[in-house]
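sequence and predicted structure are below.
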Amino acid sequence: MILKIIKKNKESVEVQLIEKEAVVDMLIMPLDFNFDTVLVTSIDKLLKRNRITKVSSLDIVLEDFEDESSASSMVVRTVAEALKVK
C-alpha cells in the first residue's frame, strides 16, 4: 500500500491512499499556517478510517515538493521520515 502526499498548488495538498494502483481513499487539505497539525491529523484519520495499523509497511511517496527550503516541504519530509520509523 502507498501513502502519496501531493502538493496540488500553492494552496492545497492532497493525501492519497493507494492499493494496486487504485486510489482507495484521499483527503485534500489547505496549505496554511497550521499545516503541520492538519497533515498529521489527516494522515491519522485516513489510516484509522481504512483500518491500517502497520504504518511501517506503507510506501510513502512525495510529489511536487521541489523547493526543499519551503516550510511545507520540510514538514512533509519530516512527517514522511517519522512514518518510516519502525
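Received the coordinates, thanks.

can you tell me the element residue 80 falls in?
Residue 80 belongs to helix 71-84 when assigned by DSSP states H and E.

counting by contacts, list what that helix packs against.
Helices and strands touching helix 71-84, as assessed by 3 or more Cβ pairs under 8 Å, 6 or more residues apart in numbering; DSSP states H and E, comprise strand 2-7, helix 35-49, strand 59-63. Backbone N, C-alpha and C define where each C-beta goes, glycine included.

next, count neighbours for residue 43.
If you count neighbours by other Cβ atoms under 10 Å, residue 43 ends up with 22.

for the helix or strand bottoming out on mean pLDDT in the chain, buried residues please.
Here the helix or strand of the chain ranked lowest by mean pLDDT, DSSP states H and E is helix 71-84, holding a mean of 89. Of all the residues in helix 71-84, those buried under the rule 16 or more other Cβ atoms under 10 Å are 72, 73, 75, 76, 79, 80.

need the max-distance pair from these.
Maximum pairwise distance in the buried residues of helix 71-84, criterion Cβ to Cβ, is 12.4 Å, between 72 and 80.

sorry, back to before: what angle separates the helix holding residue 80 from strand 59-63?
170 degrees (axes from the mean of the first three to the mean of the last three Cα atoms, to 10 degrees).

just name the most buried of the helices and strands packed on helix 71-84.
Mean neighbour count, computed with mean count of other Cβ atoms under 10 Å, is highest for strand 2-7 among the helices and strands packed on helix 71-84, reaching a mean of 18.
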